[in-house]
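Participant: the following block contains a protein sequence and its predicted model.
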Amino acid sequence: MAGEDKTEKASPKKRRDERKKGNVFQSKDAVTVGVIAISFYILELWSSYIYKYTSNILIKYTSLAKNTYYIDGSFISRMFKDIAFAIFASAGPLMIFVIIATVVLTGAQTKFLISRENIKFKFSKLNPLSGIKRMFSIRAIVELLKSLIKITILGYVIYSSVIKNLNLVPKLASIDLLYGINFIITSIMDIVKSVIIAFVAISAFDFLYSWWEYEKNIKMTKQEVKEEYKQLEGDPKIKGKIKEKQRAFSMSRMMQQVPNADVIIRNPTHYAVAISYNIEKDNAPIVLAKGKDHLAARIIEKAEENKINIIENIPLARALYAKSELNREIPVEYYEPVAEILAWVYRLKEKDKHQI
């Protein structure tokens, strides 16, 4: 209902519905920091190979300056292939790892969801009012604060590193080129590691905040919970009517079986149980019908119409009604008393046959 607070946790169905819409929990900062950390770790491991491929191509083509060469199409094609190979060999593995890391880290949160809902064009996205609301939302404020914190941390780390190594910069002009390059790369890696450590803390905050925001947004009102329950379980009124029809159908089928009974065991007016036993097919007597009060009266009436033998046995009728199931064998403890009744019924039938 309009204005009703969302106080209930999202149900499994609500979560499935939101997932189908593409609305799943995801912390983009966690993915970004994870990809950056993995990328620089791979870059550090692969740096010697990058140096090898780039230095080889530089040495090969700078050495050509000592001699005179005729530059034709084949020379340019060969040079292009060499440069392309060096670039791919240097940057290719890094790019592949970045793509894999992005897919895995994103998929770990979204469970590799691919939803068409997110890529559908929606006119609501063009609504300027919606854009203004997003600009001044809590999420926008949090993102602004995170950006300011990131810039502050990045600036502080770079400033600290520069101040720390400022006295070494003039000396770079007088040292070996390779040592100077190694010094610069090491300094950059130290800066990156410091930034990543700080950004991990920010991404942890973003992860927790994104989880809290997602859970808050998919909460349900009490009315929504009731409506969902009705959808899943069915309207109580409709369910009642269905059960009523099922009972009526079951009762009708049960009454149709009464004429097939061998005997009706009853408690004068309150209980009635219809028993059948086919010695060739059944392992034990079967309960074809049973009823109490009004239904018991109907069973007895049906039995009288079809001239089924009826015997009164108050404790046995009560026990069979309580402990037996329709179209199932009677419990073992009642084999003997029921067998005595069936034997009496068979004797009556045999006697009737001889009289005829």
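Facilitator: That came through fine.
Participant: which residue packs closest to V192, ignoring adjacent ones?
Facilitator: F40 (5.1 Å; C-beta to C-beta, 6 or more residues apart in numbering). Using the backbone N, CA and C atoms, a C-beta is placed for each residue, glycine as well.
Participant: secondary structure class for that neighbour?
Facilitator: Secondary structure state of F40, per DSSP: H, G, I helix; E, B strand; the rest coil, is helix.
Participant: the longest helix anywhere in the chain packs against which elements?
Facilitator: The single longest helix within the chain, with elements called by DSSP state H, is helix 177-217. When contacts are defined as 3 or more C-beta pairs under 8 Å, 6 or more residues apart in numbering; DSSP states H and E, helix 177-217 packs onto helix 28-62, helix 138-165.
Participant: hmm, the residue nearest to V192 is touching I191, no?
Facilitator: No - counting by C-beta atoms under 8 Å, F40 stays clear of I191, with 10.4 Å between them.
Participant: so which helix or strand of the protein has the lowest pLDDT on average?
Facilitator: In the chain, no helix or strand scores lower on mean pLDDT, DSSP states H and E than helix 128-135, which sits at a mean of 55.
Participant: please name the residues that touch N165.
Facilitator: By C-beta atoms under 8 Å, 6 or more residues apart in numbering, the residues touching N165 are S187.
Participant: tell me who's in contact with T106.
Facilitator: With C-beta under 8 Å, 6+ apart, T106 has these contacts: Q26, V31.
Participant: so that it lines up with my notes, have the first residue be 771 from now on.
Facilitator: Sounds good: first residue 771 from here, last item T876.
Participant: could you list the buried residues of the helix or strand hosting it?
Facilitator: Per DSSP states H and E, T876 falls inside helix 843-880. Within helix 843-880, the residues that qualify as buried are 856, 859-860, 863-864, 867-868, 871-872, 875-876, 879-880, counting by 16 or more other C-beta atoms under 10 Å.
Participant: any idea how far G1061 lies from I919?
Facilitator: 77 Å (C-beta to C-beta, to the nearest Å).
Participant: higher neighbour count, the two?
Facilitator: A count of neighbours by other C-beta atoms under 10 Å puts G1061 above the other of G1061 and I919, at 22 against 15.
Participant: what score does the nearest residue to the more buried one once chain neighbours are set aside have for pLDDT?
Facilitator: Spatially, and ignoring its direct neighbours in sequence, G1061 is nearest to I1069 (5.0 Å; C-beta to C-beta, 6+ apart). At I1069, the pLDDT value in this model is 88.
Participant: again, but for I1081
Facilitator: 89.
Participant: specify the local secondary structure of it.
Facilitator: Applying three-state DSSP: I1081 is strand.
Participant: which residues are in contact with it?
Facilitator: V1033, I1034, I1035, R1036, I1111, W1114, V1115.
Participant: in the sheet, who's paired with it?
Facilitator: Per DSSP bridges, the residues bridged to I1081 are I1035.
Participant: circling back to that earlier point, return the distance of the longest helix of the chain from the chain's centre.
Facilitator: Distance, stretch centre to chain centre, for helix 947-987: 31 Å (C-alpha atoms, centre = their mean, to the nearest Å).
Participant: next SSE after it?
Facilitator: That would be, after helix 947-987 and using DSSP H and E, helix 992-1003.
Participant: how far off centre is that following helix?
Facilitator: Distance, centroid of helix 992-1003 to centroid of chain: 20 Å (C-alpha atoms, centre = their mean).
Participant: give the buried residues for it.
Facilitator: For helix 992-1003, by 16+ other C-beta under 10 Å, it's E994, V995, E998.
Participant: of the buried residues of helix 843-880, which is the nearest to T832?
Facilitator: A856 (13.6 Å; C-beta to C-beta).
Participant: show me what contacts that closest one?
Facilitator: Y823, T824, N826, I827.
Participant: which regions of this structure lie under the pLDDT threshold?
Facilitator: 771-774, 835, 837-840, 884-907, 909, 939-945, 947-948, 1002-1010, 1012, 1122-1126 (pLDDT under 70).
Participant: okay, domains of it per the record?
Facilitator: 782-999, 1024-1125 (automatic domain parsing).
Participant: which one, of the helices and strands packed on helix 947-987, ends up nearest to W982?
Facilitator: helix 908-935 (10.7 Å).
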